[in-house]
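Asker: need coordinates for the below:
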Amino acid sequence: MNVSVVIPALNEEEPIAGVVRECLATKIPTEIIVVDNGSDDRTAERAREAGARVVSAPRGYGRACLAGIRALAPECETVVFLDGDGSDCPEFMNQLVDPITGGTYDFVIGSRTRGERETGSMNFQQVFAGRLAGWLMSILYDVHYTDMCPFRAIRRDVLEKLPMKEETYGWNLEMQMKSARAGLRILEVPVNHRRRAGGVSKVSGTLRGTFVAGARILTTFVKIAMKL
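Answerer: Next comes the predicted model:
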């Protein structure tokens with residue numbers, strides 16, 4: 001099965017080449033797309049040098065993911081998403097992809113809270129938000145998530161049928177909620193998580209970033225839940 005990797009990246013000049021090389025080392029993806037999300041450093045150049053195809057998108061995490069989907073090769077059958085900061089562990093990619101290529105599941109998401117976490121890789125707010133969102137979704141949809149981990153894989157055909165619209169930090173939650181609402185076969189698997197390999201977090205690195213992301217995620221949850 002043809003697997004494409006989409007990596008949104010904003011000012012990830014330091015870690016991005018390593019992330020691309022780690023993905024290539026798994027020998028799973030047939031293409032790696034790095035979406036330059038408005039960087040003002042050498043993120044795009046470093047990604048190309050490492051072997052990725054680079055496309056551009058206006059700032060906004062969801063906008064980057066949507067641009068990556070639009071850039072997928074026609075033969076792509078499964079899409080893997082992960083962050084460009086080096087915190088996700090590509091060596092777990094087969095655990096996300098194999099249940100899909102085997103025909104058992106449509107959407108497989110990693111759980112950092114169930115895997116081994118390097119000290120300092122996640123703050124309390126991230127862990128709490130993932131657990132809380134998972135609990136609320138279990139009430140709405142009878143699914144069991146423990147995280148909103150960006151490291152995930154999904155069949156391309158079902159992804160393209162999901163009406164994904166969120167342009168910023170609510171993208172991951174939107175995918176999880178709409179996948180559950182659509183009745184997709186969903187699996188959550190433990191994955192390890194590291195501290196970012198360089199640069200500064202756009203979410204947990206600042207109080208403003210944490211507040212903005214939290215507000216957007218909450219807005220996304222309410223908006224989608226109200227459409228039941």
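
Asker: okay, CA-based contacts and neighbour counts for the rest of this
Answerer: Noted.

Asker: count of neighbours near residue 118?
Answerer: 12 (other C-alpha atoms under 10 Å).

Asker: I'd like the distance between it and residue 197.
Answerer: Distance, residue 118 to residue 197, by C-alpha to C-alpha, to the nearest Å: 12 Å.

Asker: any stretches of this protein with poor pLDDT?
Answerer: Along the chain, the model assigns pLDDT under 70 to residues 202-213, 228.

Asker: taking the centroid of it, which residue is nearest it?
Answerer: With distances taken as C-alpha atoms, centre = their mean, residue 150 lies nearest the centre of the chain, 2.6 Å away.

Asker: what ranges does the chain have for its helices?
Answerer: 16-25, 43-50, 61-70, 93-101, 124-141, 156-159, 171-181, 207-225 (DSSP state H).

Asker: out of those helices, which comes closest to residue 6?
Answerer: Among the helices of the chain, helix 61-70 comes nearest to residue 6, with 5.8 Å by C-alpha to C-alpha.

Asker: so which elements touch that closest one?
Answerer: Helices and strands touching helix 61-70, by 3 or more C-alpha pairs under 8 Å, 6 or more residues apart in numbering; DSSP states H and E, are strand 3-9, strand 31-36, strand 53-56.

Asker: swap in 10 Å and give it another go.
Answerer: Where contact means 3 or more C-alpha pairs under 10 Å, 6 or more residues apart in numbering; DSSP states H and E, helix 61-70 is packed against strand 3-9, strand 31-36, strand 53-56, strand 78-81, helix 171-181.

Asker: tell me how far that helix lies from the chain's centre.
Answerer: Centroid separation for helix 61-70 versus its chain: 11 Å, with C-alpha atoms, centre = their mean, to the nearest Å.

Asker: residues touching that helix, excluding its own?
Answerer: 4-10, 32-38, 54-58, 71, 79, 81-82, 156, 159-160, 164-172, 174 (C-alpha atoms under 10 Å, 6 or more residues apart in numbering).

Asker: which of those residues are buried?
Answerer: 4-10, 32-38, 54-57, 71, 79, 81-82, 156, 159, 164, 166-172, 174 (16 or more other C-alpha atoms under 10 Å).

Asker: touching, residue 93 and residue 4? I think so.
Answerer: No: if you go by C-alpha atoms under 10 Å, residue 93 and residue 4 don't touch, sitting 11.4 Å apart.

Asker: shared neighbours of those two, anything?
Answerer: 28, 29, 80, 81, 153.
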